[in-house]
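Student: could you work out the structure for the sequence below:
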Amino acid sequence: MDDKHMQIGEVAARTELSLRTIRHYEETGLVIPSARSQGGFRLYTEADVVRLMVIRRMKPLGFTLDQMRDLLDATDRLDSDDPLDAAERDVLLGRVRVYEQAATEQVDKLRVQLARAEDFAATLRTRLDQNTSVTPS
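Tutor: Okay, here's the model as predicted:
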């Protein structure tokens, strides 16, 4: 194994994904190991790690596996060395733009939820502080 390839355990540690999750993403076609060792172990490159990080970031925003696959396909084609005509490039950029807008909307919703959760925690702290500062007579 050379320095350019990592085994699944190292990838799991770097991405903070479980081995099972990485294997699931492989089974669904979202990420394919770049190589296999002589012993048949999955080997990944830095590009594979980047791809897994995209997936990891999409998951908590509620994107489906199909949406992840669609976005990755669009970005793969944009990043490819294969030439794209202007129309195809515009279509691909449009697809990416839709996901960026959906992600931004979901982040805004999560901010509202977080603010509400923080307010609730502060209310509970205030209640606890009020009840612990009162001494019985």
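
Student: which elements pack onto the worst-scoring helix or strand of the chain on mean pLDDT?
Tutor: Least confident helix or strand of the chain, by mean pLDDT, DSSP states H and E, is strand 35-36 with a mean of 88. Applying 3 or more Cβ pairs under 8 Å, 6 or more residues apart in numbering; DSSP states H and E, one finds that strand 35-36 contacts strand 42-44. Quick note: C-beta positions are derived from backbone N, CA and C, even for glycine.

Student: just give me how far the strand it packs on sits from the chain centre.
Tutor: Relative to the centre of its chain, strand 42-44 is centred 19 Å away, using Cα atoms, centre = their mean, to the nearest Å.

Student: can we start the residue count at 523 from this point?
Tutor: From this message on, residue numbering opens at 523, which makes the last subject strand 564-566.

Student: could you give the average pLDDT over the next helix or strand after it?
Tutor: Going down the chain from strand 564-566, the next helix or strand is helix 568-580, by DSSP states H and E. Mean pLDDT, computed over helix 568-580, is 95.

Student: and the angle for the helix or strand hosting Gln652 with helix 568-580?
Tutor: Gln652 is part of helix 608-655 when elements are defined by DSSP H and E. With axes from the mean of the first three to the mean of the last three Cα atoms, to 10 degrees defining the directions, helix 608-655 sits at 60 degrees from helix 568-580.
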